[in-house]
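Here is a sequence together with a model predicted from it:
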Amino acid sequence: MKKLMEGSEAMAEAAIAAGCRFFAGYPMTPFTELLEHFARRMPEVGGVCINAESELEAVGMAWGALATGARAATGSTGQGLSLMQESFSEITLAELPLVIFNMARGQQDYYQSTRGGGHGDYRHIVLAPADLAEAIELTQLAFHLADTWRNPVLVYGDYLTAHIQEAVEVDPLELGPVADKDWALDGSLGGTGRSRIISPLGFAKTGRRSPGIEQHLRTMTDKSRQIEAAEVRVEVGHVDDAQTVIVAFGTPGKFVRYVVNQLRADGERIGFVRPITLWPYPTDAVAAAAEGARTVGVFELCAGQMIDDVRLSVLGRAPVVGIGGISTDGSGFGVGPLLDAEIIRDRILALHRGETMPPLPDNERLEV
Amino acid sequence: MKLVGQAKPDLLLSQEHHMCPGCGEPMALRGYLEAISELGLTQRTIAVHGIGCYTSFSMTTDLDLVQALHGRAPSVATGIKRMRPDAIVFTLQGDGDMVNEGLQEVLHTAARGENITCVLLNNGVFGETGGHMTATTVLGQRTKNSLDGRDANYHGYPILIGDLIARLQGAAYVARGSVHNAAGFARTKRMFKRAFETQVRGEGFSFVEVLTMCPTGWFIPTTEGPSYMNETLGEVHIMGELKVDGVIRTTDELHEENIRKAAEIEAALARGGVDA
Amino acid sequence: MSRSVGTVTIAVEACKGCDLCIPACPPAVLSMSIGVNRNGYHHPELHDGCTGCSACLMVCPDFVFTVYRAERSRG
């Protein structure tokens, strides 16, 4: 049965439906509501939600919970996730299936999510839902992919994903089996029982074959290549004969899809590409869409970050132009007037017709 | 002849390790590994190691184990314990790891009354990097970045972490032992047992700090390690059971007890042995 | 004491020559060797009079000592 829920509640319910039984976080706008829902719901399902004393502690607690084989998650907004980056690196190298929620302020955390703010050669999968139905699906998929690959997965939400209310239904998805967690710890294997170790350093217990740190890091790199080959997800529309292709993700991707569909109905040869996985990036889909296009526009709510990946995909087939920009509400937490179908339409048409790009709207409009 | 003590603790997969000559950390390791064995907790224990010299024991320790980041072990242990309440969960950290990098983690974990045991190996220096000042380095102590001795006006004062933790309501058992002599080892091993028993009974956070020798990081001969430890660290970080059954002991009480206990144990050793 | 009520075995190759066992031995029946082990460290040697008290084991960082004691009632 459908129920009116805000995105944070829907995502918490989806996580619980996926079997998540541990969550730790620290309040921060616009992530706070997700923490609130976990705090309320976890005890009801036999799980644990800890209001951690900092983001550092939150991710550490999730690390411990994961080591026992539990499905566990943490999250914050980009600022809080900055504090967790060291642990994300090491958890990835320790091959623990962490799920991370970034309820971001705009799209300024694209680099952080896809390049990682942490040290070393590590990668984690990034899923970017465009609406609540997709957020429910991708949240569940995140836990499945994390277990499948023994690799962290980040769900990139935003202010609107967190707060918009829609009538949605959280049905547990059947995503297929995942391997037994024969690496998890319960404390029972000490004293000749072949005790286990979970380490980011490629450690093995004495007497067993240890890959050593170099081979361990190479194995992790191989895994990243496999994920890149297997897990790309993307939505593409009207690109076959498009003269102009617009690339956008997340909630802005939903707006762009709506505007491009309208423009198509008006007869304009415009298409869109909406990356659903930000890593691995849908390089081939963007490249194919750019083939034959006159120009590729990138609409993102930041100074321009994903545009790098678009350029790396297009590889000179067409000019790549940023048509988004920084636009926040007065507080800086929420989205600004740029995320408006009419304004996006004007900007796409300006690019499509080779006209001067209109200036970015000011957020005074919101104070009317 | 009856075997009364074996060289290698049962819960070590190898006798070999890479600690320097005269290091106190392996003795502390022996203390808690024997305590775990003797309490029958071997098959329900999960260890969480921080980053320091002792980290290399992660591979030889025959217990289920998580290798955590520098400073973060108490939070990792919290996540483990909440998901496996029946497991006995303990952390191993040095003073750099716990009191410098991760001070707030251990304090909050104690304040929450998290039913785990945190073990601190306190030698007042970063041993692994080669003898640098930590938050527990005592005034006057020479390190590579306090060459003329720690100066309160310039470097600030040391943190007496055991005393700090004892003041927190969630801490059920807090003790500070040492391994500078056999009597110290025997007392410390009893402290480990009491800490783990506290956890088994579900009484809340337990903490054992162990003063250990680091002759390499102190730039002294190994033979001077025990007396240096006792006279520098030991005079500031006062040994003893700092909190038992919720009652905090004063420094004077600890001093008096230390003198009495040391005499008792030394007398017992002279008679032919103590039951640690 | 002419007769030993205890004894220890010493894994000399594991010893790193720290000397901590020497002053720790209540009956003072350990001394450091003149010779060295494979790693070049002097190591303890046992003389008559061991009580099997385990003090050496407790202070040894390198897990060198195994301790035995005669089965008797202690008074």
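Now that the structure is in, tell me what you want to look at.

since we're on residue 228, how many residues are nearby?
Using chain A here. By the criterion of other C-beta atoms under 10 Å in any protein chain shown, residue A:228 has 16 neighbours. (Glycine included, C-beta is placed from N, CA and C.)

was after chain B, sorry
Residue B:228 - counted by other C-beta under 10 Å - has 20 other residues nearby.

My reading is that residue A:49 lies in a strand. Confirm?
Yes: counting by DSSP: H, G, I helix; E, B strand; the rest coil, one finds residue A:49 located in a strand.

State the helix or strand in which residue A:157 lies.
strand A:153-158 (DSSP states H and E).

next one: residue B:208
Using DSSP H and E, residue B:208 sits within strand B:205-211.

Any part of that strand near chain C?
No: Strand B:205-211 stays clear of chain C (C-beta under 8 Å from any C-beta of the partner chain), getting no nearer than 12.9 Å.

which residues touch residue B:119?
Residue B:119 makes contact with B:28, B:32, B:90, B:91, B:92, B:93, B:192, B:207, B:208, B:209, B:210 under the criterion C-beta atoms under 8 Å, 6 or more residues apart in numbering or on different chains.

what sits up against the helix or strand of chain A with the lowest mean pLDDT?
Taking mean pLDDT, DSSP states H and E as the measure, helix A:159-163 is the helix or strand of chain A with the lowest mean score, a mean of 91. By C-beta under 8 Å, 6+ apart, the residues outside helix A:159-163 that reach it are A:6-8, A:11, A:30-31, A:33-34, A:103-106, A:129, A:131-132, A:135, A:250-251, A:333-335, A:339.

among these, which are in helices?
A:7, A:8, A:11, A:33, A:34, A:132, A:135, A:250, A:251 (DSSP state H).

Let me know the closest of those residues to residue A:344.
Nearest to residue A:344 among these: residue A:251, at 11.7 Å, using C-beta to C-beta.

Run a quick neighbour tally on the nearest residue to that closest one once chain neighbours are set aside.
Nearest residue to residue A:251 in three dimensions, chain neighbours excluded: residue A:160, at 4.6 Å (C-beta to C-beta, 6 or more residues apart in numbering or on different chains). Applying other C-beta under 10 Å, we find 21 residues neighbouring residue A:160.

The strand holding residue A:157: how far from the chain's middle?
In this view, strand A:153-158 has its centroid 3 Å away from the chain centroid, taken as C-alpha atoms, centre = their mean, to the nearest Å.

contact partners of it?
So strand A:153-158 is contacted by A:7, A:11, A:30, A:97-107, A:109, A:113, A:124-129, A:135, A:138-139, A:142-143, A:145-146, A:249-251, A:278, A:335 (C-beta under 8 Å, 6+ apart).

biggest separation within the contacts of residue B:119, which pair?
Top of the distance list for the contacts of residue B:119 (C-beta to C-beta): B:93 and B:192, 14.9 Å.

ok, the two, which is more surrounded?
Set residue B:93 next to residue B:192 and count neighbours by other C-beta under 10 Å: residue B:93 wins out with 30 against 27.

Does chain A have contacts with the helix or strand the more buried one falls within?
Counting by DSSP H and E, the element that carries residue B:93 is strand B:88-94. Yes: if you take C-beta under 8 Å from any C-beta as the test, strand B:88-94 does meet chain A, through B:88, B:89.

Could you list every helix and strand in contact with the following helix or strand past that strand?
Downstream of strand B:88-94, the next assigned helix or strand under DSSP H and E is helix B:95. Using 3 or more C-beta pairs under 8 Å, 6 or more residues apart in numbering or on different chains; DSSP states H and E, the elements in contact with helix B:95 are strand B:117-122.

Relative to the strand holding residue A:157, what are the paired strands and their orientations?
Looking at strand A:153-158 with DSSP bridges, its partner strands are strand A:99-104 (parallel), strand A:125-127 (parallel).

just the helices in chain C please.
Counting by DSSP H, the helices of chain C are C:21-24, C:55-59.

and the shortest one, anywhere near chain B?
Yes: residues of helix C:21-24 are located near chain B by C-beta under 8 Å from any C-beta, namely C:23, C:24.

List the residue ranges of chain A that fall below the pLDDT cut-off.
A:364-368 (pLDDT under 70).

repeat that for 90
A:1, A:106, A:116-118, A:120, A:192, A:201-203, A:207-212, A:329-335, A:362-368 (pLDDT under 90).

doesn't residue A:98 make contact with residue A:81?
No: counting by C-beta atoms under 8 Å, residue A:81 stays clear of residue A:98, with 11.9 Å between them.

Which neighbours do those two have in common?
Common neighbours of residue A:81 and residue A:98 (criterion: C-beta under 8 Å, 6+ apart): residue A:88.

coming back round to it: quick one: the residue nearest to residue A:251 from residue A:254, how far?
Distance of residue A:160 to residue A:254, computed by C-beta to C-beta, to the nearest Å: 9 Å.

Same question for residue A:319.
On the measure of C-beta to C-beta, residue A:319 and residue A:254 end up 25 Å apart.

Over to residue B:6?
Between residue B:6 and residue A:254 the computed distance is 68 Å (C-beta to C-beta).

Of the two, which one has the most company?
A direct count of neighbours by other C-beta under 10 Å for residue B:6 and residue A:254 places residue A:254 higher, at 20 against 15.

Give me the spatial nearest neighbour of the more buried one, chain neighbours excluded.
Residue A:254 sits nearest to residue A:130 (C-beta to C-beta, 6+ apart), 4.0 Å away.

mind listing what residue C:34 touches?
residue C:42.

Revised request: answer the last question for residue B:59.
Per C-beta under 8 Å, 6+ apart, neighbours of residue B:59: A:197, A:203, A:204, A:205, A:206, A:210, B:13.

Of these, which belong to strands?
Those of those mapping onto strands are residue A:197, per DSSP state E.

With neighbour count as new columns, can the contacts of residue B:59 be given to me in a markdown table?
Listed next are the contacts of residue B:59 as a markdown table, based on neighbours: other C-beta atoms under 10 Å in any protein chain shown:
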| residue | neighbour count |
| --- | --- |
| A:197 | 24 |
| A:203 | 23 |
| A:204 | 16 |
| A:205 | 21 |
| A:206 | 17 |
| A:210 | 17 |
| B:13 | 17 |
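
tell me which of the contacts of residue B:59 is nearest to chain C?
The shortest approach to chain C among the contacts of residue B:59 belongs to residue B:13, at 12.1 Å (C-beta to the nearest C-beta).

Give me the distance between the closest one and residue A:250.
For residue B:13, the distance to residue A:250 - C-beta to C-beta - is 49 Å.
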